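*Asks:* need coordinates for the below:
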Amino acid sequence: MSDYILSSSSTADITQAEFDARDIRYICYHYIIDGVHMIDDLGKSMPISTFYERMQGGAETSTSQVNADEYEKYFEQFLKEGKDVLHLTLSSGISGSYNSALIAKDMLKEKYPDRKLYIVDSLAASSGGGLLVDKLADLRDEGMTIDELRAWAEENKLRLQHWFFSTDLTFYIKGGRVSKTAGFVGTLMKICPLLNVNRSGKLIPRTKVRSKHKVIKEIVNRMVDNATDGLNYSGKCFLSNAYCLEDAKAVAELIKATFPKLNGEPVIHDIGTTIGSHTGPGTVALFFWGKERGE
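*Replies:* Have a look, this model is predicted:
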C-alpha cells in the first residue's frame, strides 16, 4: 500500500464498494430537500431512487459545497497520522469547493509543516471525477509517489472527456439554465440537449438533438470523434445516470458494439444527490479518455 492518502468527494459518483476496493477516501457534500439538510453520502441516508422520485413529485432541492472548516477537519485526521494527502475537488467551474480546500490547506500548513497536502482541481464532475480518481489509484498502486501522481493528474486531467444529454428539461427550466419558452418548445419537439464539460470545467451546451434514439447515437459518435485511438480505444469507460438506467444501458450497449478493444464493459453509476439536485431525472453522462478538451 502507498504511504499517502488518495482522496476525492461524494460527487465522484462511484459506489462505496469502489471507494473501498480502490482505497480512496472521500468527503461528503450536502443537499437540501424540501428544507431538510441532508448529507450526500452515496445514498445511505436516502436511497438515490427515492431522491429522484421525490424530485419528480415536486420536491425542492438545492446544494451546499464543503466549506473550509469541514475540509480542515477532514484533512487533519490524515495529517495527524503522519500521512500526506492528494485530494481531488469537484470542478471549480461548477463549485467553489476548490477554493475552500485551498483555504483549509493554508490553515493546516503551519500546524503540519512536514506534511504534503496537495489540492487538485479535477475540472471534472460526476463519474468523470470517478474515472480520474480510479486512474490515479491505478498509478498509485503501480508505485507512483505522491509528487509524481500530482504531476500526472495536472498534466492529463483535460484528456478526460465528459458528455451529457438529458431527455427531461423540467429541472433545467426550473434551475434557470433553459428558459420556459425554450423548454416548452423543446419538450414539445422532444429535443434532447447534448452538453460537455470544457477545459475550464464548465458545462457547455453543444447541440440539440431531436429524440432520445438520435441523441444516444450522437453521444457515442462524440466518443468516436474524441476517444484516444478512435475506434481502437482501449481505456475504461464510465457512465452515470439520473434515474434513467435503461437509457444508460442503451448507450453502454452501443459503446460495446462500437469499441471492441474497450477495457472491460462500460461501468454504469448513479448520478448522486449533489449533481442530481441540478440535473433532475433523465440525464445520462459518458466519460472516457481522449483528446484534450477545448473551450
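
*Asks:* mind listing the helices for the stretch 151-295 of the chain?
*Replies:* Applying DSSP state H, counting those that start in this stretch to the stretch 151-295 of the chain gives helices spanning 170-174, 180-188, 212-226, 245-258, 273-279.

*Asks:* out of the ones you listed, nearest to T89?
*Replies:* helix 273-279 (12.5 Å; Cβ to Cβ). Quick note: C-beta positions are derived from backbone N, CA and C, even for glycine.

*Asks:* and that closest one, what does it pack onto?
*Replies:* In this structure, helix 273-279 makes packing contacts with strand 29-33, strand 36-40, helix 48-56, strand 61-64, helix 170-174, judged by 3 or more Cβ pairs under 8 Å, 6 or more residues apart in numbering; DSSP states H and E.

*Asks:* try it again at 7 Å.
*Replies:* Applying 3 or more Cβ pairs under 7 Å, 6 or more residues apart in numbering; DSSP states H and E, we find helix 273-279 packed against strand 29-33, helix 48-56, strand 61-64.

*Asks:* ranked by average pLDDT, which of those falls at the bottom?
*Replies:* The minimum mean pLDDT among the helices and strands packed on helix 273-279 belongs to strand 61-64 (a mean of 93).

*Asks:* now that one, how far from the centre of its chain.
*Replies:* 16 Å (Cα atoms, centre = their mean, to the nearest Å).

*Asks:* tell me which strands and helices that strand is in contact with?
*Replies:* strand 29-33, helix 273-279.

*Asks:* just send those back as CSV, with mean neighbour count too.
*Replies:* CSV is the format used below for the helices and strands packed on strand 61-64 (neighbours: other Cβ atoms under 10 Å):
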stretch, mean neighbour count
strand 29-33, 20
helix 273-279, 25
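
*Asks:* just put the helices and strands packed on helix 273-279 in JSON lines and tack on distance to A17.
*Replies:* Output for the helices and strands packed on helix 273-279, formatted as JSON lines (distance: least, Cβ to Cβ, whole Å):
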{"stretch": "strand 29-33", "distance to A17": "19"}
{"stretch": "helix 48-56", "distance to A17": "15"}
{"stretch": "strand 61-64", "distance to A17": "24"}
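
*Asks:* figure out which of these is closest to G280.
*Replies:* Judging the helices and strands packed on helix 273-279 by Cβ to Cβ, what sits closest to G280 is helix 48-56, at 5.5 Å.

*Asks:* beta-bridge partners for D270, please?
*Replies:* N241 (DSSP bridges).

*Asks:* burial check on it, number of neighbours?
*Replies:* For D270, the neighbour count with other Cβ atoms under 10 Å is 25.

*Asks:* likewise T89?
*Replies:* With other Cβ under 10 Å as criterion, T89 counts 28.

*Asks:* surely it touches S97?
*Replies:* Yes. Judged on Cβ atoms under 7 Å, T89 makes contact with S97 at a distance of 4.9 Å.

*Asks:* residue ranges with poor pLDDT in the stretch 51-200 of the chain?
*Replies:* 171-189 (pLDDT under 70).

*Asks:* show me where it has its strands.
*Replies:* For the stretch 51-200 of the chain, the strands defined by DSSP state E, counting those that start in this stretch cover 61-64, 84-89, 117-121, 160-166, 191-197.

*Asks:* the shortest one pairs with which strands?
*Replies:* So that's strand 61-64. Checking strand 61-64 against DSSP bridges gives partners strand 29-33 (antiparallel).

*Asks:* please compute how far the partner strand lies from its chain's middle.
*Replies:* With Cα atoms, centre = their mean, you get 16 Å for strand 29-33.
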